[in-house]
Every structure is written in C-alpha cells, then in structure tokens.
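Enquirer: how would this look folded up:
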Amino acid sequence: MAKQIFLLDDPKAGNGWKVVQKIDRRGLYDIPELNQDNNDDNIADQQLSLAGVPEFEIPIESISIDLGDLPRYNAPEEANEDEDEWKSENDSSEDNERTFHTLLLKLVRIILYLFRSYLSVPPNLRIHVLHDLFSFGCYACVAGDDFWFQDPNGDPMGVYWLQGVHMIHCAYNSMWMGQIIHPDWDMFQSDHLCAKFHAGSRVICGGLVYVSDSVSGHDFDLIKKLVYPDGTIPKCQHFALPTRDCLFKNPLFDNKTVLKIWNFNKYGGVIRAFNCQGAGWDPKEQRIRGYSECYNPKSCSLHVSEIEWDQKIEATHMGKAEEYVVYLNQADELRLMTLKCDAIQVIIQPSSFELFSFVPIKKLGHNIKFAPIGLTNMFNSGGALQELEYKSSAAEVSAMVKVKGGGNFLAYSSESPKKCYLNGAEVAFEWSAEGKLALNLAWVEEAAGISDVVFPFLIIN
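Expert: Purely as a prediction, here's the structure:
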C-alpha cells in the first residue's frame with residue numbers, strides 16, 4: 001500500500017517542531033519499476049505483481065454490459081454489402097425519430113453558438129448539449145469553468161476580474177443544466193483576495209459549498225458565514241438562476257449590467273446582486289482578458305417580483321403576499337416592499353455584492369406585523385429558519401420559530417413582543433422602532449444546533 005506523510009506544525013512543542021501525519025490512501029499501490037533488461041519490445045506485456053493484490057482472471061464471455069433503456073438495433077440475418085446502414089424492424093418510425101433528434105441537437109448548437117457570440121463567451125466554456133446532459137450518471141455536475149486563483153496570462157488584475165467570469169459561467173449554464181441535474185458551482189479558496197465574492201455566490205447556488213484551501217490557508221471567519229459547526233449548510237431550496245432582465249445582457253463588460261441571481265428558502269426568497277464587470281472573451285485575441293474601463297461601481301434595481309415564485313410549488317403562495325420585509329445582509333438594513341411599489345436602487349462596488357432576503361409579512365391580529373429573517377451572521381440568513389408556526393388565543397398570539405445555528409437572530413416586528421422565550425426559558429431581547437427584533441442564540445451541540453424561539457404578543461382589539 002502506498003503511503004504519504006505531511007509535516008504539520010506542532011503547536012504544543014513550539015516553533016521548529018513538526019508532527020508527522022501519515023496518510024494511507026485506499027486504492028493506491030506501490031508500482032515496481034519495469035524490467036528494463038527485458039528484450040520484449042512491448043513493455044505493456046510485462047507482468048506487474050502488486051503486493052497485497054490478489055491475481056485472478058475474468059473470462060471475457062462472462063462480461064455483460066447493461067444498456068438500460070437505450071434502443072437496440074439488430075442486424076439482419078443476411079447482411080447486404082450494398083447497404084451502408086443498419087435497418088431496424090420499423091425503419092420509418094425510427095428514422096423519423098433519429099432525424100428529429102439530429103435536428104433538435106443542431107438547433108441547440110445554433111442557439112448556444114448565438115448565446116456565446118452575444119455574451120462573447122469563450123468556446124471552451126462548459127456549455128453542455130442535450131445528449132451530454134441526459135447521459136450524466138450523477139446528481140450534480142460542475143456548471144462553469146474552473147476557479148482561477150490568478151490570471152494564467154500574467155495580468156495582475158486578473159486575480160479580481162477573473163472571478164466574475166466564473167460566476168457568469170455558472171449562472172447561465174444553470175439555466176440548461178438545472179432542468180436535468182443539480183448545478184455545482186465548484187470550489188474556491190477561502191484565503192483568496194475575492195473569497196468573499198465567491199462565498200456570496202456559493203451560498204445562494206443551492207448546491208454544495210466546498211473549498212480547496214492549502215494546509216493552514218483557511219479564513220475561518222468567512223467559512224463560518226457559510227457552514228454550521230456540524231458541517232451542514234443553510235442551503236437554498238432550488239438551484240440559482242439569473243433574473244429575467246439579465247438573460248440577454250452582458251454582465252461581464254457592457255459597462256452597465258449587474259448580475260442578479262435568485263433562489264428560494266423555506267420561508268422566503270433571495271436575490272444576490274454581483275458586480276462582475278471587468279473581463280470577458282476577446283474573439284480577436286482568442287482569450288479571456290480584462291476590460292479595465294468596466295471595472296467600476298454599478299447601479300442596479302431589485303424587486304420582489306423578480307423572484308420566480310411559481311417555479312416551486314411550495315413557494316407559490318409566498319409570491320402572493322401583501323407585503324414583504326427586505327433584509328440587506330451586507331448593509332444590515334431593513335426595508336418594506338409590496339408587489340406594486342418601486343424597486344430598490346443600490347450601487348454595487350467592483351468585485352462586490354449585496355444579499356437581499358425577501359420574507360412575506362404575517363399579520364397577527366389587527367395591529368401587529370411579523371416576519372422572521374434568520375441569522376444575520378450567515379450569508380444565507382433565511383436558510384437558518386427550520387420551522388415557523390403561529391398560535392393565537394383570545395388575549396395573545398405567539399410566533400414560534402425553530403432556528404438552526406448560533407449568532408444574531410433577526411426578525412421584523414411592527415410592535416414589541418410581550419416576552420421572549422428561548423428553549424423554554426425567558427430571555428432578554430432587543431426591539432427598535434424601525435422594526436428590528438433581535439436576540440443572540442448559542443449553538444447547542446446536544447440539540448444539533450436547533451433553538452426554539454417564541455415571541456408572544458398582546459392582541460389589541
């Protein structure tokens with residue numbers, strides 16, 4: 001068995017001391033050197049004996065391949081040398097089916113070609129045609145180009161503007177891939193200069209969140225905004241998609257468009273606005289290069305109606321609410337919005353973003369409005385909400401919330417609650433006239449990080 005060791009710093013012994021970490025990798029074996037004195041010209045015929053690996057033979061006639069539901073075509077008993085193609089029992093129907101599939105794939109290729117041309121997308125971008133997607137044997141697949149730590153062409157600014165290219169690839173490819181498999185937005189490195197920029201997109205993508213940091217090269221303060229202490233994540237309910245007003249724009253270097261992507265949480269919707277301007281594919285140079293004239297602040301507008309609520313049955317009712325509370329994660333602001341009011345106007349700095357959570361407001365009695373937002377110390381604040389229930393009596397109504405995670409819990413409340421109970425015990429809370437209702441939650445390992453929060457309100461008739 002092959003072995004590998006790492007020398008790790010020993011924090012107990014002090015500087016200069018190392019700890020030997022042995023790694024035994026399964027499936028890797030020490031391969032002996034081939035006999036160079038062997039006169040056999042075909043070196044592949046030389047037998048390799050691996051220690052610990054048993055030798056056995058598999059008869060070729062015992063190997064079978066399961067083709068599943070793939071159509072099978074049988075050759076005629078007597079082949080005709082003048083025929084160039086195999087013919088099935090029902091030639092006309094199968095020929096028509098093959099012709100239809102061929103035309104459909106050609107149409108898809110034409111659409112993708114126009115899509116690439118319009119956005120000036122590099123030809124080696126991971127855009128998959130339909131027959132590739134249907135042949136995938138996995139639940140998730142990487143939706144974009146690889147994460148680039150720096151510009152392979154040596155542009156020092158590439159460490160910034162290349163990151164926006166990665167997000168554009170993933171967002172637009174998800175429109176195709178998301179209908180068949182779950183798009184994976186790939187890894188990033190938490191100590192990168194634009195790590196926060198990447199983290200803001202991974203948390204809304206609805207897929208896995210993972211990093212490829214080097215040993216001791218971690219930004220744990222950033223990782224804690226994405227992952228719970230038990231390794232789970234506050235994942236969105238859907239796969240992230242661009243808003244409609246971004247579909248036929250160029251968020252890379254048209255010098256005006258901000259990439260906006262949306263998704264669902266269990267009790268609300270989210271929109272993330274990213275300033276990806278500053279790079280793109282140059283057809284003349286045949287490479288991705290920087291467009292420095294585009295790398296500057298951009299303004300954009302956001303509205304709750306840009307979330308496609310009808311794309312998930314469980315979310316449809318949230319798109320019909322009378323009023324929403326909007327939480328701006330980076331600015332730490334609360335705003336109110338209705339379906340008929342004006343959009344929110346914001347300015348996004350280059351290689352930066354803003355995270356918007358839209359939560360339907362519940363009316364409790366005649367005078368109280370309430371909406372849980374979640375944990376503000378997590379990028380996907382609303383993903384921490386596990387359960388939400390309301391109970392009422394003649395004198396009071398209670399909002400009961402199950403929250404996963406530790407940190408600052410925030411809700412919108414038009415009135416101050418009478419009390420606050422955390423896991424059955426009365427605790428202090430903060431309420432301001434602008435509607436911010438907050439309290440601090442601790443991670444309780446024995447409860448898998450779940451906290452029960454209850455806010456009772458007095459009903460005024």
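Enquirer: CA only for contacts and neighbour counts going forward, please
Expert: Noted.
Enquirer: contact partners for residue 388?
Expert: 399-402 (Cα atoms under 8 Å, 6 or more residues apart in numbering).
Enquirer: for it, what is the enclosing helix or strand?
Expert: strand 385-392 (DSSP states H and E).
Enquirer: name the next helix or strand following that strand along the chain.
Expert: Next element after strand 385-392 (DSSP H and E): strand 396-404.
Enquirer: list the buried ones in that next one?
Expert: Within strand 396-404, the residues scored as buried using 16 or more other Cα atoms under 10 Å are 397-404.
Enquirer: what about it, average pLDDT?
Expert: Average pLDDT, strand 396-404: 96.
Enquirer: state the pLDDT value of residue 168.
Expert: The model reports residue 168 with a pLDDT of 87.
Enquirer: secondary structure element for it?
Expert: helix 158-177.
Enquirer: what are the pairing partners of the helix or strand just after that helix, and which direction each?
Expert: The first helix or strand that comes after helix 158-177 along the chain, using DSSP H and E, is strand 182-184. Partners of strand 182-184 in the sheet, by DSSP bridges, are strand 140-142 (parallel).
Enquirer: OK, contacts around residue 406?
Expert: Contacts of residue 406 by Cα under 8 Å, 6+ apart are 375, 440-443, 449.
Enquirer: now do 7 Å
Expert: Applying Cα atoms under 7 Å, 6 or more residues apart in numbering, we find residue 406 in contact with 441-443.
Enquirer: before we move on, what about residue 270?
Expert: Contact analysis of residue 270 by Cα under 7 Å, 6+ apart lists 262-264, 356-358.
Enquirer: emit the ChimeraX select command for whichever of the contacts of residue 406 are buried.
Expert: In ChimeraX syntax, the buried subset of those is picked out as below (16+ other Cα under 10 Å):
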select :441,443
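Enquirer: pLDDT and distance to residue 303 for the contacts of residue 406 - can I get that in TSV?
Expert: Listed next are the contacts of residue 406 as TSV, based on pLDDT from 0 to 100; distance: Cα to Cα, whole Å:
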residue	pLDDT	distance to residue 303
441	97	31
442	96	34
443	96	34
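Enquirer: which one among the contacts of residue 406 gets closest to residue 415?
Expert: Of all the contacts of residue 406, residue 441 has the smallest distance to residue 415: 21.3 Å, by Cα to Cα.
Enquirer: would you mind measuring from the closest one to residue 355?
Expert: To residue 355, residue 441 is 22 Å away according to Cα to Cα, to the nearest Å.
Enquirer: again with residue 241
Expert: When distance is defined by Cα to Cα, residue 241 is 15 Å away from residue 355.
Enquirer: check residue 221 too.
Expert: Per Cα to Cα, residue 221 is found 18 Å from residue 355.
Enquirer: settle it for me: which of these two has more neighbours?
Expert: Between residue 221 and residue 355, residue 355 has the larger neighbour count (other Cα atoms under 10 Å), namely 23 against 9.
Enquirer: let me see the contact set for that one.
Expert: Applying Cα under 7 Å, 6+ apart to residue 355 gives the contacts 271-273, 328-330.
Enquirer: among these, name the ones in helices.
Expert: Using DSSP state H, no member of the contacts of residue 355 sits in helices.
Enquirer: would a markdown table of those with distance to residue 347 be doable?
Expert: As requested, those are exported to a markdown table (distance: Cα to Cα, whole Å):
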| residue | distance to residue 347 |
| --- | --- |
| 271 | 15 |
| 272 | 13 |
| 273 | 10 |
| 328 | 12 |
| 329 | 14 |
| 330 | 12 |
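Enquirer: and stretch 245-261, what's buried?
Expert: Buried residues in stretch 245-261, defined by neighbour count with 16+ other Cα under 10 Å: 246, 249-261.
Enquirer: for this structure, give me the ranges with low pLDDT.
Expert: For the chain, the stretches flagged by pLDDT under 70 are 1-15, 19-156, 461.
Enquirer: all helices of it, in order?
Expert: Remark: helices assigned in the chain by DSSP H are 91-119, 130-134, 158-177, 195-202, 220-223.
Enquirer: neighbours of residue 425, how many?
Expert: Residue 425 has 10 nearby residues by other Cα under 10 Å.
Enquirer: who does it form a beta bridge with?
Expert: Beta-bridge partners of residue 425, as defined by DSSP bridges: residue 422.
Enquirer: any idea how far it is from residue 437?
Expert: Taking Cα to Cα, one finds residue 425 at 18 Å from residue 437.
Enquirer: cool, and residue 328?
Expert: Distance, residue 328 to residue 437, by Cα to Cα: 15 Å.
Enquirer: and these two? which has more neighbours close in?
Expert: More neighbours surround residue 437 than the other of residue 328 and residue 437, with 24 against 17 (other Cα under 10 Å).
Enquirer: the residue lying closest to the more buried one once chain neighbours are set aside: what's it in contact with?
Expert: Closest residue to residue 437 in three dimensions, ignoring its sequence neighbours and counting by Cα to Cα, 6 or more residues apart in numbering: residue 431, at 4.5 Å. Going by Cα under 7 Å, 6+ apart, residue 431 touches 416, 437-438.
Enquirer: list the backbone torsions phi and psi for residue 350.
Expert: Here the main-chain torsion angles of residue 350 (degrees, to the nearest 10) amount to phi -60, psi 140.
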